[in-house]
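*Asks:* below is the structure, and that's it, no one-letter string:
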C-alpha cells in the first residue's frame with residue numbers, strides 16, 4: 001500500500017477506519033473491546049515455561065526525557081523518611097515506629113507507558129465523538145486511562161523487524177511497511193489475530209542504551225511504522241500496538257504538513273491503544289532462541305483517574 005501522506009489522506013483514513021459507535025455511543029476503551037474472556041483464557045495456555053520478561057524501563061533520573069512536549073521530565077524520586085532519620089531518632093517522638101517512605105514525581109508518559117484515548121484530538125474531537133472540551137485542567141473526563149484498568153491482558157506477539165532485517169537497529173527515519181510486518185510474522189511463524197497486543201522491535205532503544213546516550217530518543221527522529229499502518233491495524237483488529245520507540249510511527253514523518261499523522265487516525269478515529277518506550281531486548285533474545293514469538297501479555301495501567309496515560313511495567317509470560 002502506497003499512500004501519499006497529507007491532510008487529505010488523514011481525513012480519508014479517519015472516515016474509513018473510524019470505530020465511532022461500533023461498541024456504543026458511550027464506549028471509552030476502543031479496540032480493547034476486541035479482547036474477549038475467551039481470548040484471555042486462550043492466551044493463558046501460551047504459558048509453557050513460566051518465563052517472565054519485564055518490558056518497563058527504570059523510573060529514575062537517567063531516563064530518556066529532554067524537555068519536549070510541554071516540558072516532560074524524567075521521574076524524580078524523593079525520600080520522605082529514611083534509615084538515617086530512624087537511626088538519628090527523628091521518628092521516635094511522633095510515629096514511634098522506624099520506617100522508610102518515599103514519593104515519585106513524573107509525567108505519566110515519561111517512561112514505558114500507555115497512551116489513553118483522551119491523549120490525541122482530531123480537530124476538536126476525541127475518539128467516539130467525545131468533545132475535546134472534556135479534557136481540562138482537572139483531567140480527562142472522557143476516555144481517561146482508568147477505563148482500561150482490567151483490559152490490558154491477552155495474547156502478545158513480538159514482531160522483531162530489526163532481527164528480520166539482520167541489523168542491530170533500524171535507522172532513524174526507516175518506515176516499516178505493512179508488507180514488511182506481514183513478512184516478519186510469516187518468517188516467525190505467527191499470524192496476527194483479533195485482540196492481539198502487537199509489540200514491534202526496531203532496536204532503537206537498545207542502540208541508545210549501548211551508546212549510553214539517549215540523544216533525541218524522546219521526541220526526535222526514529223524508525224517506526226508508516227502511515228499506512230493504520231489500515232493494517234484496522235484490518236487485523238488488534239487490541240493494541242506497542243514499540244521500543246517513543247512514538248511507534250516513523251520520524252521524520254512522511255509529510256511536513258502535520259506532526260504525527262498516524263497518531264491523528266489510530267487514537268481519535270480507531271480508538272487504538274498504544275504502548276511506547278517498551279524494553280524488549282531480553283524478550284527478543286529469548287524468542288529468537290526458542291522460535292516462539294507469542295506469549296501471554298499483561299500490562300495493566302495505574303488507575304489514574306482522568307489520566308492521559310499511565311506508566312507501566314508490562315510483562316510477557318512464556
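*Replies:* Perfect, thanks for sending it. Source: prediction; values computed, not measured. Numbering: from 1, shown residues only.
*Asks:* when you work out contacts or count neighbours from here on, use the C-alpha atoms and nothing else.
*Replies:* Will do.
*Asks:* nearest residue to the middle of this structure?
*Replies:* Nearest to the centroid of the C-alpha atoms of the chain, with distances taken as C-alpha atoms, centre = their mean, sits residue 275, at 0.6 Å.
*Asks:* wait, doesn't that residue sit right on residue 242?
*Replies:* Yes - under the contact definition of C-alpha atoms under 8 Å, residue 275 touches residue 242, with a separation of 4.2 Å.
*Asks:* buried set for stretch 16-31?
*Replies:* Buried residues in stretch 16-31, counted by 16 or more other C-alpha atoms under 10 Å: 17-20, 27-31.
*Asks:* which of those residues fall in helices?
*Replies:* Secondary-structure check on those using DSSP state H: residues within helices are residue 17.
*Asks:* need the buried residues of stretch 16-31 in TSV (columns: distance to residue 283 and pLDDT).
*Replies:* Supplementary listing: the buried residues of stretch 16-31 in TSV, determined by distance: C-alpha to C-alpha, whole Å; pLDDT from 0 to 100:
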residue	distance to residue 283	pLDDT
17	32	98
18	33	98
19	32	98
20	35	98
27	33	97
28	31	96
29	27	98
30	27	98
31	25	98
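*Asks:* want to throw the buried residues of stretch 16-31 into CSV with distance to residue 212?
*Replies:* CSV is the format used below for those (distance: C-alpha to C-alpha, whole Å):
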residue, distance to residue 212
17, 40
18, 41
19, 42
20, 43
27, 43
28, 39
29, 37
30, 37
31, 36
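*Asks:* closest one of the buried residues of stretch 16-31 to residue 49?
*Replies:* Using C-alpha to C-alpha, residue 31 is the member of those that lies nearest residue 49, at 29.5 Å.
*Asks:* for the closest one, what are its contacts?
*Replies:* Taking C-alpha atoms under 8 Å, 6 or more residues apart in numbering as the contact definition, residue 31 lies against 195, 237-240, 270-273.
*Asks:* go on, residue 301?
*Replies:* 114, 145-146, 148-149, 152, 310-312 are the contacts of residue 301 under C-alpha under 8 Å, 6+ apart.
*Asks:* buried subset of these as a PyMOL selection?
*Replies:* Filtering these down to the buried ones (16+ other C-alpha under 10 Å) takes a single PyMOL command:
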select buried, resi 114+145+146+148+152+310+311+312
